[in-house]
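Peer 1: Build the 3D model from these lines:
(chains A and B)
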Amino acid sequence: MSTVTHTPGGLAGPDQAPPPAPRAAVGGGAGARFFNGFSHLFLAVWAVMVVYPLLWVVMSALKTDSEVIRKPLSLIPERLQWDNFARAWTEGQIGSFFVNTVLVLTGSVFLTMLLGSMAAYVLARYDFPGNRFIYYMFLSGLTLPIYLAAVPLFKGVYNMGVTLPFLGPNKHLMLILVYVAWSLAFTVFFMHSFFRTLPTAIAEAGMVDGASHSRLFFSVMLPMAKPGLISIGIFNVLGQWNQWYLPTLLMQSVAGEPKNQVISQGLIELSVNQGYRSDWSGLFAGVTMAMLPVLIVYIVFQRQVQSGLTAGVSK
Amino acid sequence: MRHGVARFVTGFLALPVGLYLFYVVWPFLQAAGYSLTDWGGYSDRQQFVGLENYVRLFSDELIRKAFWHNVFFLITVPLFTIALALFLAFLLNVGGRGDKAGIRGVFGSGLYKVIFFFPQVLSLVVIAVMWQQIYRADGQGLINGVLMKIGLISEDDPITFMYDPEPFLGVPAVLWWLLLIAVWSGAGFYMVLFSAAMQSIPKDIFEAAILDGAGRVHTFFRITLPLLRDTVSVAWVYLGFIALDMFALVYIMTPSQGGPNHASEIFASVIHFNAFQKGQFGYACAIAVALAIFTILLAALQLRITRRERIEY
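Peer 2: A predicted model of the protein is given here:
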């Protein structure tokens, strides 16, 4: 879309400071020093505004309930209360929600990537009647609000469950398929533009060597599309990990059924429950457990994550 | 050979297209159909009522509220997020000391970028639950606690945040507090985006400007900003979608999901309210279709406004 797009998954080299660097005409001097000081001050203030709430949540998760009430602001707990985490994990059921989320995501991200790139590849590289139509059908899914489909989707899944119970409400497989379907629009859109940019010569050489169409895709084109796959993969992992509306709609367990909820629902439940159970430290522990894994993964892979997500926008 | 291609294309498309049709397209089409009925959602009884739902929509006080609240977010979320993100990117990239090599980015800009990006990887639910605690209406909340400690507000008169329907500048206070969260969580991401775009502007353009005697601020407004136009307008479109989707915050944080006293209703919460609490599926679908038309018109309008000839470099 924009001319300033960098290649998806790129930005591998150090992209620190080197800013637009004009000559020293305005360098030095009191004005510049003031400006530099001001920059640091403002940037530091914003950094504190981002980090402080997160730190506060983590630290509150290590306090006792009475400490949360007596000294809500302190960042240093009197004694570290690790059992808050244990309580949230078992009683708050964050543990089982966590397992559910991982189970669902493993299936849904894999399928999203596989089916998304298959469709995108065919649409980008093969000419057949209806090609444009299918492409625009996927594209239109990007603009329509999910709430429009909520009611019929709920009904459809419910009806499906009557004939095929494993695809009904509150089932992992159903949620996987729904996630895949709702992630396809962007995945196809993104990978479509990516497959377009790949050179045709290699594919032609493969054809001459007698590779079949599907072999060409899996052993030549897909490996070549790796940078794009990483970008869209990060995007999908985060997007599906963050899903809350679809699970809230489709994963309500009726009494007696096993609870198959995902972590976002677990958090919502904790935050609703705290109203009358007032387990503050347990709530903070739950939020911490939902937050830290993603933050840690991000800090380790920050370059890939940043470029992956921004490539998603600037495409 | 031709035959092989057809089989291959069908084989590759069947599953994704099938899933997409069943779980995405079909519900959308059904929604359009239900919007013409008086279906309650639980019974099998439904009657065709034509455009009645749509007529009713225009005199619905709740929808009028939701519409203006959505418009509020549509203007303020992109405006404040982009302004802040641009400002941060500007400080980050030209805030450093100038020396012989020219103006530098500030020291530690890599670290700042990592930190500012944090909220982007947190889920909306985490953000909402966290801010619920920050916004608590007593001394236990982070903001009230700090303000009480330094004596800016008294303990009997805390800021009520999510429970405050009083208008500020004509807009209920609760919406301003929600806006703050949206800007907090979005600014870092767009800062990284703008920062990358700024760095891809060729240096000789800046050198020429400096030779002509332009200062930092001047350079920013006359050169950097115009060259970022493409990126900024893409950001605007994306933030527009985010502004239409403030439902997670409203659903989790506000009293009775759109309160207090409907002061924070948005389209999505009105749809949810009508469909799942009042049991008026047909009517809820009509609202949803209206929202979809509104979204598409808006997207078209934005594309129209932001389309412009590109500067290639």
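Peer 1: Alpha carbons only: can I get stretch B:47-60 in PDB?
Peer 2: C-alpha atoms of stretch B:47-60 as PDB (Å, rounded to 0.1, in the frame of the first residue of the first chain):
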ATOM      1  CA  GLN B  47     -42.800 -13.400  10.900                       C
ATOM      2  CA  PHE B  48     -41.700 -11.400   7.900                       C
ATOM      3  CA  VAL B  49     -42.100  -7.700   8.800                       C
ATOM      4  CA  GLY B  50     -40.400  -6.100   5.900                       C
ATOM      5  CA  LEU B  51     -38.500  -2.900   6.700                       C
ATOM      6  CA  GLU B  52     -40.300  -2.400  10.000                       C
ATOM      7  CA  ASN B  53     -37.100  -3.000  12.000                       C
ATOM      8  CA  TYR B  54     -35.200  -0.400  10.000                       C
ATOM      9  CA  VAL B  55     -37.900   2.200  10.400                       C
ATOM     10  CA  ARG B  56     -37.900   1.500  14.200                       C
ATOM     11  CA  LEU B  57     -34.100   2.000  14.200                       C
ATOM     12  CA  PHE B  58     -34.400   5.600  13.300                       C
ATOM     13  CA  SER B  59     -36.500   6.500  16.300                       C
ATOM     14  CA  ASP B  60     -34.600   4.400  18.800                       C
END
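Peer 1: Does it reach chain A?
Peer 2: No. Stretch B:47-60 stays clear of chain A (Cβ under 8 Å from any Cβ of the partner chain), getting no nearer than 12.9 Å. (Each C-beta comes from the backbone N, C-alpha and C, glycine too.)
Peer 1: next one: stretch B:283-291
Peer 2: Yes. Stretch B:283-291 reaches chain A (Cβ under 8 Å from any Cβ) through B:284-285, B:288-289, B:291.
Peer 1: and which of the residues you listed is nearest to B:Gly110?
Peer 2: B:Leu291 (41.0 Å; Cβ to Cβ).
Peer 1: Just confirm that closest one contacts A:Leu148, I think it does.
Peer 2: Yes. If you go by Cβ atoms under 8 Å, B:Leu291 and A:Leu148 touch, sitting 6.6 Å apart.
Peer 1: State the helix or strand in which B:Arg64 lies.
Peer 2: helix B:61-94 (DSSP states H and E).
Peer 1: Quick one: list the elements packing against that helix.
Peer 2: Packed against helix B:61-94 by the contact rule (3 or more Cβ pairs under 8 Å, 6 or more residues apart in numbering or on different chains; DSSP states H and E) you find helix A:29-60, helix B:109-116, strand B:171-172, helix B:173-199, helix B:229-244, helix B:267-272.
Peer 1: List the buried residues in the fourth one.
Peer 2: In other words, helix B:173-199. By neighbour count with 16 or more other Cβ atoms under 10 Å in any protein chain shown, helix B:173-199 contains the buried residues B:173-179, B:181-199.
Peer 1: Contacting chain A as well, which ones from the residues you listed?
Peer 2: Residues of the buried residues of helix B:173-199 in contact with chain A (Cβ under 8 Å from any Cβ): B:184, B:187-189, B:192-193, B:196-199.
Peer 1: Can I get those in TSV including distance to B:Glu52?
Peer 2: Below are those laid out as TSV (distance: Cβ to Cβ, whole Å):
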residue	distance to B:Glu52
B:Trp184	42
B:Ala187	44
B:Gly188	46
B:Phe189	43
B:Val192	49
B:Leu193	45
B:Ala196	51
B:Ala197	49
B:Met198	53
B:Gln199	56
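Peer 1: quick one: the helix holding B:Arg64 to helix B:173-199, angle?
Peer 2: 30 degrees (axes from the mean of the first three to the mean of the last three Cα atoms, to 10 degrees).
Peer 1: Could you pull out the buried residues of helix B:61-94?
Peer 2: For helix B:61-94, by 16+ other Cβ under 10 Å, it's B:62-63, B:65-67, B:69-70, B:72-74, B:76-78, B:80-82, B:84-94.
Peer 1: Centre-most residue in chain B?
Peer 2: B:Ile242 (2.2 Å; Cα atoms, centre = their mean).
Peer 1: Grab the nearest non-local neighbour of that one.
Peer 2: B:Val77 (6.4 Å; Cβ to Cβ, 6 or more residues apart in numbering or on different chains).
Peer 1: ok, that neighbour touching B:Asp245?
Peer 2: No. In this structure, B:Val77 is not within contact of B:Asp245 by Cβ under 8 Å, at 10.1 Å.
Peer 1: Got the confidence number for the residue nearest to the centre of chain B?
Peer 2: B:Ile242 is assigned 81 on the pLDDT scale.
Peer 1: before we move on, what about B:Ala85?
Peer 2: B:Ala85 is given a pLDDT of 94.
Peer 1: Could you pull up the residues touching it?
Peer 2: Neighbour list for B:Ala85: B:186-191, B:193-194, B:235 [criterion: Cβ atoms under 8 Å, 6 or more residues apart in numbering or on different chains].
Peer 1: Surely B:Leu62 and B:Val270 touch.
Peer 2: Yes. Taking contacts as Cβ under 8 Å, B:Leu62 lies within contact range of B:Val270: 5.5 Å.
Peer 1: rewinding a little: quick one: contacts for the residue nearest to the centre of chain B?
Peer 2: B:77, B:182, B:186.
Peer 1: Dihedrals phi and psi, B:Pro167?
Peer 2: phi -70, psi 140 (degrees, to the nearest 10).
Peer 1: which one is it nearest to, not counting chain neighbours?
Peer 2: B:Ala173 (7.2 Å).
Peer 1: now do B:Leu142
Peer 2: Using Cβ to Cβ, 6+ apart, the closest residue to B:Leu142 is B:Ile134 (4.2 Å).
Peer 1: Distance of that neighbour relative to B:Leu180?
Peer 2: 10 Å (Cβ to Cβ, to the nearest Å).
Peer 1: I'd like the distance from stretch A:120-137 to the chain centre, please.
Peer 2: 27 Å (Cα atoms, centre = their mean, to the nearest Å).
Peer 1: low pLDDT regions in chain A?
Peer 2: Counting by pLDDT under 70, chain A contains low-confidence residues at A:1-29, A:274-278, A:312-315.
Peer 1: Break it down into its domains, please.
Peer 2: Here the domain parsing of chain A from automatic domain parsing is A:30-84, A:99-243.
Peer 1: which one of those lies closest to A:Ile299?
Peer 2: Taking the domains of chain A one by one with Cβ to Cβ, domain A:30-84 is closest: 12.1 Å.
Peer 1: First-to-last residue distance for that closest one?
Peer 2: 52 Å (Cα to Cα, to the nearest Å).
Peer 1: Residue nearest the middle of chain A, spatially speaking?
Peer 2: Against the mean C-alpha coordinate of chain A, by Cα atoms, centre = their mean, the closest residue is A:Leu238 at 1.1 Å.
Peer 1: Quick check: that one touching A:Leu309?
Peer 2: Yes. At 7.4 Å, A:Leu238 counts as touching A:Leu309 under the criterion of Cβ under 8 Å.
Peer 1: burial measure for A:Pro258, as a count.
Peer 2: 9 (other Cβ atoms under 10 Å in any protein chain shown).
Peer 1: Just list the residues touching it, thanks.
Peer 2: A:Pro258 neighbours (Cβ under 8 Å, 6+ apart): none.
Peer 1: ditto for B:Ala209
Peer 2: Contacts of B:Ala209 (Cβ under 8 Å, 6+ apart): A:22, B:218-219, B:222-223.
Peer 1: Make CSV out of these and add secondary structure and neighbour count.
Peer 2: Shown next, in CSV, are these (DSSP: H, G, I helix; E, B strand; the rest coil; neighbours: other Cβ atoms under 10 Å in any protein chain shown):
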residue, secondary structure, neighbour count
A:Pro22, coil, 27
B:His218, helix, 14
B:Thr219, helix, 21
B:Arg222, helix, 12
B:Ile223, helix, 18
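Peer 1: which residue sits closest to residue 144 in space, ignoring its chain neighbours?
Peer 2: In the absence of a named chain, this looks at chain A. For A:Leu144, the spatially nearest residue (Cβ to Cβ, 6+ apart) is B:Ala292, at 5.4 Å.
Peer 1: That was the other one, I meant chain B.
Peer 2: In space, B:Asn144 comes closest to B:Pro158 once its chain neighbours are excluded; the distance is 4.5 Å by Cβ to Cβ, 6+ apart.
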